[in-house]
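# Just a sequence and a predicted model for now, questions to come.
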Amino acid sequence: MIISIVWLALITLIPTLELRASIPIGIFKMADQLSWPVVVLICIIVNILLGWLIFWVLGPAFSLIRKWHWFDQKVWPVLERTQYKIHPYVEKYGELGVAVFIGIPLPGSGVYTGALGAYLLGVDRKKFTIANVLGVLIAGAAVTLICLLILHGAVCENSWMARLFVKIRH
């Protein structure tokens, strides 16, 4: 059981996969070791913590990168101008917009890109904390719902959703 939990956590840490992959793997491949609510809980907790960690590390990481002359002269001014232009909208729609972006269960969205985008757009730590939790809960609910529909036969085994999540043997 501990090994299954560690595997779920590690899969959840992989960029672009996150809980979008770990929940289906846990539900379909580890059902004999972990129940689906335990799988979902583990994946959601790890994904939330991952988002917070990334957002927290970005400040020191950008401070270090800005010591490189080319980055500070060429890239950083573009990022600052973008922040300045978009900041009023972020303040108006802030955590809700970030939460929806994190919550869309598609590759390219998620806590990695959500944390980076929120940091670059100047979302404060408190708003990101809320957005991260809401977004991960949205993604976790969506992926879990699809998996449970497949598991319980509401989605036929020849459908594209079933083929996407489960390797069907003919």
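Sure, I can see it.

# Residue 109 and residue 100 touch, don't they?
No: at 9.0 Å, residue 109 does not count as touching residue 100 under the criterion of CB atoms under 8 Å. C-beta: built from backbone N, CA, C; applies to glycine.

# Comparing these two, which residue is more hemmed in?
Comparing residue 109 with residue 100 by other CB atoms under 10 Å, the one with more neighbours is residue 109, at 20 against 16.

# wait, what's in contact with the closest residue to that one other than its chain neighbours?
Excluding the flanking residues, the one nearest residue 109 by CB to CB, 6 or more residues apart in numbering is residue 101, at 5.6 Å. Contacts for residue 101 (CB atoms under 8 Å, 6 or more residues apart in numbering) come out as 109, 113-114, 117, 135.

# and these, which of them are in helices?
113-114, 117, 135 (DSSP state H).

# now the most centrally placed residue in the chain: how far from residue 103?
Centroid-nearest residue in the chain: residue 110, 2.8 Å away (criterion: CA atoms, centre = their mean). Distance of residue 110 to residue 103, computed by CB to CB, to the nearest Å: 9 Å.

# My understanding was that residue 13 contacts residue 53; is that so?
No: Residue 13 is beyond contact range of residue 53, at 9.7 Å (criterion: CB under 8 Å).

# so who does residue 125 touch?
55-56.

# give me that answer again for 6 Å
Residue 125 sits next to no residue when contact means CB atoms under 6 Å, 6 or more residues apart in numbering.

# Not counting its own residues, what contacts stretch 16-29?
Contacts for stretch 16-29 (CB under 6 Å, 6+ apart): 8, 11-12, 36, 39-40, 43, 47, 105, 107, 110, 140, 143-144, 147, 165-166.

# Show me these that map onto strands.
Judged by DSSP state E, the subset of the contacts of stretch 16-29 located in strands is empty.

# Tell me the buried residues within those.
Those of these that meet the buried threshold are 8, 11-12, 36, 39-40, 43, 47, 105, 110, 140, 143-144, 147, 165-166, by 16 or more other CB atoms under 10 Å.

# Break down the chain into its helices, ranges please.
Using DSSP H, helices in the chain cover 2-12, 18-29, 36-65, 69-70, 76-103, 111-120, 125-151, 160-165.

# Check which helices and strands the longest one is in contact with.
So that's helix 36-65. helix 2-12, helix 18-29, helix 111-120, helix 125-151 (3 or more CB pairs under 6 Å, 6 or more residues apart in numbering; DSSP states H and E).

# so can I have CSV of those showing mean pLDDT and distance to residue 71?
CSV is the format used below for the helices and strands packed on helix 36-65 (pLDDT from 0 to 100; distance: least, CB to CB, whole Å):
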stretch, mean pLDDT, distance to residue 71
helix 2-12, 95, 30
helix 18-29, 94, 27
helix 111-120, 86, 14
helix 125-151, 93, 23
